[in-house]
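Enquirer: coordinates only, sequence not included:
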Ligand code: ATP
């Protein structure tokens, strides 16, 4: 089985951008944000348990999860947040582990891309950690521009995430993304060669 390399960074740091660059080199990657949505899609055991616990009011008319309503509840009530996390975290983790084993794959590593890699137990799936790093000001500017969000909202999200210094302390590899994309692509190619040639046993 290929080893799992975690790839993380704060909001707007460039995780998806960098993941796609690895993808262009043939590296299989799984995005934890996407998996987190998949495990509560209509028809999943996850959504069924949520609807049992919070009532049908938590569903929209088309049967999908009313994320805004759920956010409001868990924001107000830490016990409900705990309940939800103890349901979702193991489910997400299992699904990540499953998707991280592609068929017909001959590279020695795959990537787990997650904003919460180090904040949840997802990091235990990963042998090494890559941090995509930019200064906070760059992070704010890029996130504001991409999502058309006001500055204070982006700043609040950053304040709720792990501080840049702590994240960097946990990094085995750092990709400096405060530079033109062409340069980042070169850095990714170099790191790819390193990870590919490493003896992982
Ligand atoms: P999130 O956690 O919020 O989903 P992310 O870490 O996946 O974010 P991206 O979506 O990859 O970040 O990047 C944020 C924004 O910054 C995007 O609009 C992207 O196009 C832009 N961006 C990323 N890297 C660079 C770069 N080196 N130069 C200029 N713009 C960049």
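Expert: Good, I have the coordinates. This is a predicted model, so every value here is computed, not measured.

Enquirer: only C-alpha atoms from now on, for both contacts and neighbour counts.
Expert: Fine.

Enquirer: which strand or helix spans residue 19?
Expert: Using DSSP states H and E, residue 19 sits in helix 15-24.

Enquirer: biggest helix in the protein by residues?
Expert: In the chain, taking DSSP state H as the definition, the longest helix is helix 78-99.

Enquirer: quick one: the helices in this protein?
Expert: 15-24, 32-38, 45-54, 67-76, 78-99, 136-147, 151-160, 164-169, 181-197.

Enquirer: buried residues of the first one, list them for me.
Expert: Residues of helix 15-24 classed as buried under the neighbour-count rule (16 or more other C-alpha atoms under 10 Å) are 15, 16, 17, 18, 19, 21, 22.

Enquirer: try stretch 170-178
Expert: Within stretch 170-178, the residues that qualify as buried are 171, 174, 175, 176, 177, 178, counting by 16+ other C-alpha under 10 Å.

Enquirer: my read: the fifth one touches residue 13, true?
Expert: Yes - judged on C-alpha atoms under 8 Å, residue 177 makes contact with residue 13 at a distance of 7.2 Å.

Enquirer: related to what we said a few turns ago, which of the buried residues of stretch 170-178 lies closest to residue 191?
Expert: The nearest member of these to residue 191, counting by C-alpha to C-alpha, is residue 175 at 9.0 Å.

Enquirer: is the closest one in a bridge, and if so with what?
Expert: Residue 175 forms beta bridges with residue 132, as assigned by DSSP bridges.

Enquirer: measure it to residue 134 for me?
Expert: 9 Å (C-alpha to C-alpha, to the nearest Å).

Enquirer: check residue 166 too.
Expert: Residue 166 is 14 Å from residue 134, by C-alpha to C-alpha.

Enquirer: same deal with residue 37?
Expert: Distance from residue 37 to residue 134, by C-alpha to C-alpha: 27 Å.

Enquirer: so the two - more neighbours on which side?
Expert: Per other C-alpha atoms under 10 Å, whichever of residue 37 and residue 134 has more neighbours is residue 134, with 20 against 11.

Enquirer: can you pull the contacts of residue 92?
Expert: Contact partners of residue 92, counting by C-alpha atoms under 8 Å, 6 or more residues apart in numbering, are 32, 35, 36, 39.

Enquirer: repeat that for 7 Å
Expert: 35, 36, 39 (C-alpha atoms under 7 Å, 6 or more residues apart in numbering).

Enquirer: mind checking how far the nearest residue to residue 81 once chain neighbours are set aside is from the ligand?
Expert: Nearest residue to residue 81, sequence neighbours excluded (C-alpha to C-alpha, 6 or more residues apart in numbering): residue 74, at 4.5 Å. Using C-alpha to the nearest ligand atom, to the nearest Å, residue 74 is found at 21 Å from the ligand.

Enquirer: for burial, what's the neighbour tally of residue 74?
Expert: Neighbours around residue 74, by other C-alpha under 10 Å: 16.

Enquirer: tell me the pLDDT at it?
Expert: Looking at residue 74, its pLDDT stands at 94.

Enquirer: that one touches residue 80, doesn't it?
Expert: Yes - between residue 74 and residue 80 there is a contact under C-alpha atoms under 7 Å: 5.4 Å.
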